[in-house]
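Novice: Attaching a predicted model along with its sequence, questions to come.
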Amino acid sequence: MDCLFCKIINKEIPADIIYEDEHVIAFNDISPQAPTHALIIPRKHIATLNDVQAEDGALVGHMVKTAATIAKQLGFDENGYRTVFNCNPHGGQTVYHIHLHLLGGKPMGWPPYQETLKTAVE
Ligand code: 5GP
Ligand code: ZN
C-alpha cells in the first residue's frame, strides 16, 4: 500500500519514534508547529476519521491515552496541550492514515484558523 505512515510503521522510511507498542506508534512531526509536535498513529491503516468503525473505538481511545501519557512524560500535562485529528480537505488532512497531532510546550490560540472559519460561515 502506498501510504507514507504505513511505510514509517514498517520502518521503510525513517522517523524520530518516541513511543511504540502493539497497537500504536508515535513520532515527531517533520514540520513541528510547537516545541513538541508528535503524531500518534495506529498500526492499522485507517484512511480518515470517516473510516473509523465501532470496533476501532478502543484503538482510537488508546491513541488519545497515548497522547496524554506522552504529555505527562514530557512534563507539559499540567500546563496543557492540544490534540487534533484533521479529516479530509476542509480539515486540512494531507496524509490519509489517521493520526492524532499532539502539540505542547507553548500556549496556543483559539480558534486556530479564524479567517477560514469566517469564510466557511459566510
Ligand atoms: P495532516 O495535515 O494530514 O493532519 O498532518 C500530516 C502531518 O504529517 C503534517 O503535520 C506533516 O508535517 C507531517 N509529515 C508529513 N510527512 C512526514 C514525514 O515524512 N515524516 C514525519 N515525521 N512527518 C511528516
Ligand atoms: Zn497507512
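Specialist: Nice, thanks for sending it over. Bear in mind that the values here come from a model prediction, so they are computed numbers and not experimental data. Ligands and ions are numbered 1, 2, ... in the order given.
Novice: Return the helix or strand in this protein with minimum mean pLDDT.
Specialist: helix 114-121 (a mean of 57; mean pLDDT, DSSP states H and E).
Novice: Around ligand 1, pick out the residues from the protein.
Specialist: 4, 15, 27, 29-31, 39, 86, 92-95 (CB under 6 Å from any ligand atom). Where C-beta positions appear, they are placed from N, C-alpha and C, glycine not excepted.
Novice: Out of those residues, who's the most crowded?
Specialist: L39 (23 neighbours; other CB atoms under 10 Å).
Novice: which residues of the protein fall in strands?
Specialist: 17-20, 24-28, 36-42, 81-84, 100-104 (DSSP state E).
Novice: which stretches of this structure form helices?
Specialist: 4-9, 57-74, 88-91, 114-121 (DSSP state H).
Novice: Single out the most deeply packed of those.
Specialist: helix 4-9 (a mean of 18; mean count of other CB atoms under 10 Å).
Novice: how about the CA coordinates for that one, as CSV?
Specialist: Only the C-alpha atoms of helix 4-9 are listed here, as CSV (Å, rounded to 0.1, in the frame of the first residue of the first chain):
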residue,chain,number,x,y,z
LEU,A,4,3.6,7.3,4.0
PHE,A,5,2.7,6.4,7.6
CYS,A,6,2.4,2.6,6.8
LYS,A,7,6.0,3.0,5.5
ILE,A,8,7.1,4.6,8.8
ILE,A,9,5.4,1.8,10.7
